[in-house]
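Enquirer: got a sequence here, can you model it:
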Amino acid sequence: MSAEPTGEDPDEALVAAILEAEHEARLAELIRSPEQVEALIEQDALRLDFDLVLDLSGGLAALGSHDTAQLVAVSAFADGDVKIMAAGKLALGWIELSRGRHRKALEEVDGAVALANPDLDVVAEAAYLRGVILESRGKRAQAAAEYEKAIGWSRPRSAGQAALSLAEMLAEAGDDEQAVEVLGIAFESGVAHVVPQAALQLALIRDRLGDVEGSIPLYREAMESGVPSAAPRAAFHLGEILLGAGDVEGARDAFETAYATGDPEFTPKAAVNLGTIYMEAGRVREAYACFETATGSPDRNVAALGHCYVGVVLADTDAAAAERHLRAAMKQGDRQVKEMASNVLRQLRRR
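Expert: Okay, the predicted model is just below:
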């Protein structure tokens, strides 16, 4: 599954790897700081290239900063370079897709190709984005064809991302063997934010098929990458495996990593498990902070667990607040959470 040797000078490869890592770190910083991006644009200090336009606008849009993402795209239009202008059109395609406007997104993709065809980067990225749009509309066969086109253009970034999407689609359809084969393309792309996602996907497949031991190093690789699209989920799943195996310290470290990412889905999920570990260790104040974080989860059941545990922590010091949280848990949670909250509430009333 590893890439074939390229004959590249080791020193040049090392420098390239360092530069790419620095680029990814800077990109992650900008995506988390839309105000900084807007300030750089206002100062005309945001030096755009083709990939940066796509990565930055896409990352911002994914986190809900649509206005800032659109500013990046508009800045690309003002660049004057046709290829960067085409990146701006593609960026608008991603933004429109994130808003659910599939037809408009496809129009932006077609506009990018018309503007810069036959540039390889533009054509390959257009095929990948077209695949994502089609998949989101439920047109899986057509989406797969577009992903295969993007892979065929052999542009590492586009091929790697298309391979990730195609492999995930195959795995969802139950074709794990083919999914694993396609993930090899993602690994071989060598792209810094693609390889950890490939490790995560392969770990999920192995985990699901019962090869838990085989999934652990892959989860760890994805977690340690720090890539936002892979690290939080990998850290959470690794924590669950280690906790189930009795490695409480290792689980705590993994959950702390997921918790620290601030990911909207996996930070609250990790917070529940981390809070229970802290409670058992007598670290009540830290446990309470975790449970309070969990109450803000978009997942109603995770939020309900957070409310339930907050109620448990407050039971001895603030009965009224504890009851409010327990009632919230009973309102939002599944049967198991409702029963747990109900039991705690009954105990509270007996005091």
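Enquirer: now do the helices in the stretch 51-200 of the chain.
Expert: 66-77, 82-98, 102-116, 120-136, 140-152, 156-172, 176-189, 195-208 (DSSP state H, counting those that start in this stretch).
Enquirer: format these as CSV; extra columns: mean pLDDT, mean neighbour count and distance to Gly275.
Expert: C-beta coordinates here come from the backbone N, C-alpha and C atoms, glycine included. Formatted as CSV, the helices of the stretch 51-200 of the chain follow (pLDDT from 0 to 100; neighbours: other CB atoms under 10 Å; distance: least, CB to CB, whole Å):
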stretch, mean pLDDT, mean neighbour count, distance to Gly275
helix 66-77, 94, 21, 33
helix 82-98, 95, 24, 32
helix 102-116, 96, 18, 40
helix 120-136, 97, 23, 35
helix 140-152, 97, 19, 39
helix 156-172, 97, 23, 31
helix 176-189, 97, 19, 34
helix 195-208, 98, 23, 24
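Enquirer: so which of the ones you listed gets nearest Arg351?
Expert: helix 195-208 (42.8 Å; CB to CB).
Enquirer: export the helices of the stretch 51-200 of the chain to JSON lines and tack on distance to Thr295?
Expert: Listed next are these as JSON lines, based on distance: least, CB to CB, whole Å:
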{"stretch": "helix 66-77", "distance to Thr295": "27"}
{"stretch": "helix 82-98", "distance to Thr295": "26"}
{"stretch": "helix 102-116", "distance to Thr295": "34"}
{"stretch": "helix 120-136", "distance to Thr295": "31"}
{"stretch": "helix 140-152", "distance to Thr295": "37"}
{"stretch": "helix 156-172", "distance to Thr295": "30"}
{"stretch": "helix 176-189", "distance to Thr295": "36"}
{"stretch": "helix 195-208", "distance to Thr295": "27"}
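Enquirer: in three-state terms, label the closest residue to Tyr278 other than its chain neighbours for me.
Expert: In space, and not counting its chain neighbours, Tyr278 is closest to Ala287: 3.8 Å by CB to CB, 6 or more residues apart in numbering. Following DSSP: H, G, I helix; E, B strand; the rest coil, the label given to Ala287 is helix.
Enquirer: in this protein, which residue is closest to the centre?
Expert: Residue closest to the mean C-alpha point of the chain, counted by CA atoms, centre = their mean, is Ser229 at 2.4 Å.
Enquirer: for the closest residue to it other than its chain neighbours, list the residues it contacts.
Expert: Distances taken as CB to CB, 6+ apart place Gln197 nearest to Ser229, at 5.6 Å, with adjacent residues excluded. With contact set as CB atoms under 8 Å, 6 or more residues apart in numbering, Gln197 has these partners: Leu164, Ala186, Ala222, Val227, Ser229, Ala230.
Enquirer: and the residue nearest to Val194 when sequence neighbours are not counted, how close does it get to Val109?
Expert: In this structure, Val194 finds its nearest non-sequential neighbour in Gly160, 3.6 Å apart by CB to CB, 6+ apart. According to CB to CB, to the nearest Å, Gly160 stands 19 Å off from Val109.
Enquirer: for Leu243, same thing?
Expert: For Leu243, the distance to Val109 - CB to CB - is 44 Å.
Enquirer: quick one: closest of the helices of the stretch 51-200 of the chain to Glu42.
Expert: Here helix 66-77 is closest among those (CB to CB), at 9.1 Å.
Enquirer: what is the closest one packed up against?
Expert: Contacts defined by 3 or more CB pairs under 8 Å, 6 or more residues apart in numbering; DSSP states H and E place helix 66-77 against helix 34-42, helix 50-62, helix 82-98.
Enquirer: mind listing what's buried in the first one?
Expert: Right, helix 34-42. If you call a residue buried by 16 or more other CB atoms under 10 Å, then helix 34-42 has these buried ones: Pro34, Val37, Glu38, Leu40, Ile41.
Enquirer: nearest to Leu274 among the residues you listed?
Expert: For the buried residues of helix 34-42, the nearest to Leu274 is Pro34 (28.1 Å; CB to CB).
Enquirer: from Asp79, how far off is the closest one?
Expert: The gap separating Pro34 from Asp79 is 20 Å, by CB to CB.
Enquirer: repeat that for Ala222.
Expert: 34 Å.
Enquirer: Met223 too?
Expert: Separation of Met223 from Asp79 (CB to CB) stands at 37 Å.
Enquirer: neighbour count winner among those two?
Expert: Neighbours were counted for Met223 and for Asp79 using other CB atoms under 10 Å; Met223 has more, 28 against 16.
Enquirer: so that one is in which element?
Expert: Met223 is located in helix 212-225, with elements delineated by DSSP states H and E.
Enquirer: contacts only, for Asn117.
Expert: Val123.
Enquirer: kindly state the pLDDT recorded for it?
Expert: Model confidence at Asn117, expressed as pLDDT, equals 81.
Enquirer: likewise Gly59?
Expert: Note for Gly59: predicted pLDDT of 85.
Enquirer: which residues sit in contact with the nearest residue to it once chain neighbours are set aside?
Expert: The spatially closest residue to Gly59, leaving aside those adjacent along the chain, is Ile31, at 3.7 Å (CB to CB, 6+ apart). Applying CB under 8 Å, 6+ apart, we find Ile31 in contact with Leu56, Gly59, Leu60, Leu63, Pro228.
Enquirer: ranges for the helices of the stretch 201-350 of the chain?
Expert: Using DSSP H, counting those that start in this stretch, the helices of the stretch 201-350 of the chain run over 212-225, 231-244, 248-261, 266-280, 284-294, 300-314, 319-332, 335-349.
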